[in-house]
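> okay, structure incoming, though there's no sequence with it:
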C-alpha cells in the first residue's frame, strides 16, 4: 500500500495529481489523507509514503521500503530513520530555479538599494542610495554548492554579466557550463578574497554545519554581500551580524536562519544591512507538479527494481 500525506504548504496535491499517482501505482493500493491520526494508522501497512514524513510513520511503518519527502532538506527525516533500512528520496534537484530566483531577489534588493528605499521611503534618500548602488559587470560571485540550485544561480549570474563566476563543490563531476572556474571545497579559502558576492546553495551536513563562521567570512573581499537560500545551519549567525556591524560585509540576504521561526519583535528585522525572508525561497506554483512527476517516475522504478531518483546518500549526507 502507498500512503500519500500531503504537505500543502510546500506542494499541495490536487485531485488530478493524485490521479497521476494512482495511475503510476497501477495494481498497488493508494491512500490519501490529510488527517494525521488516520495517516499514522495507515502507515502500519504502507510500503511507500509520499509527502510530509512524520516520525510516527517511521516508528509504526514495519513494512516501509522507502519514503519520499516533498522538501529538499531532509535532515530531520534522516534522524527519524536512524539505522533502519528505509530508503529516503528528497526534492533535491527540483527546486533550483526557485532558489536561484529568490537568491537574486535578495541580492538585487541589497545592491540596487531596493530594501533601503522600502525601509526609508522618500526622495530625500535618493542621492545616498544612488551612490551605493552596484553594477555586476565588475564583480565576482562565488556559488557554494553546484547542485541544481547552484547551477541555476550560476546560469543567472552569467546573464547578469558578472565579471567572474566561481563555482565551489564537493563533487568533481558537476557541470562547468556556467562558471569561469570550478574548484572543490578544499580550495575555497584561496579564493574568498576575490568574492564580492557569496551565495550558499548547498545542503547542511555534519561536516559543514557552522562552516561559514567569522574566520572564514572575514576573508571575503571587504564590502561583500552574503546570500543564503539553503540552510541556516551553514552560518554562525552571530558572526554574520558582527561582520555586518564591523562593515566588512556590506549586506546579507537570508531566507534561512539558525533557529526558525522568529517569533515576536526581533532585532534581526531592524538591522538595516539585513534582508530576511521567512524561508520562502522554495515556493513555486510548479513545485507540486514536479515532485509528483518525480514520485510517479520512482513508482515505476520501484516496481522494476531500479534505483530511485533523488535518493539520499548516507555517506555524503545529502
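Structure's in. What do you need? The structure presented is a predicted model; accordingly, all values stated were derived computationally and were not measured.
> could you pull out the strands for this structure?
With DSSP state E, the ranges of strands along the chain come out as 2-5, 30-32, 48-51, 66-69, 87-89, 140-144, 164-169, 181-184, 197-200, 224-228, 249-254, 274-276.
> for the ones you listed, give me TSV that also has mean pLDDT.
Below are the strands of the chain laid out as TSV (pLDDT from 0 to 100):
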stretch	mean pLDDT
strand 2-5	97
strand 30-32	97
strand 48-51	97
strand 66-69	97
strand 87-89	96
strand 140-144	98
strand 164-169	96
strand 181-184	95
strand 197-200	98
strand 224-228	98
strand 249-254	98
strand 274-276	96
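> show me where the stretch 1-150 of the chain has its helices.
Using DSSP state H, counting those that start in this stretch, the helices of the stretch 1-150 of the chain run over residues 15-25, 36-43, 55-60, 75-81, 96-111, 114-119, 126-132, 148-159.
> show me what the fifth one is packed against.
Spelled out, that is helix 96-111. helix 148-159, strand 197-200, strand 224-228, strand 249-254, strand 274-276 (3 or more C-beta pairs under 8 Å, 6 or more residues apart in numbering; DSSP states H and E). In this view, the C-beta of every residue, glycine as well, is placed from N, C-alpha and C.
> centre of the chain to the longest one, how far?
The gap between the average C-alpha position of helix 148-159 and the chain average comes to 14 Å, counting by C-alpha atoms, centre = their mean, to the nearest Å.
> what angle do it and strand 164-169 make?
Orientation of helix 148-159 against strand 164-169 (axes from the mean of the first three to the mean of the last three C-alpha atoms, to 10 degrees) gives an angle of 170 degrees.
> what's the most buried one of the helices and strands packed on helix 96-111?
Of the helices and strands packed on helix 96-111, the one with the most neighbours on average (mean count of other C-beta atoms under 10 Å) is strand 197-200, at a mean of 28.
> name the spans of the stretch 51-200 of the chain whose pLDDT lies under the cut-off.
Counting by pLDDT under 70, the stretch 51-200 of the chain contains no low-confidence range.
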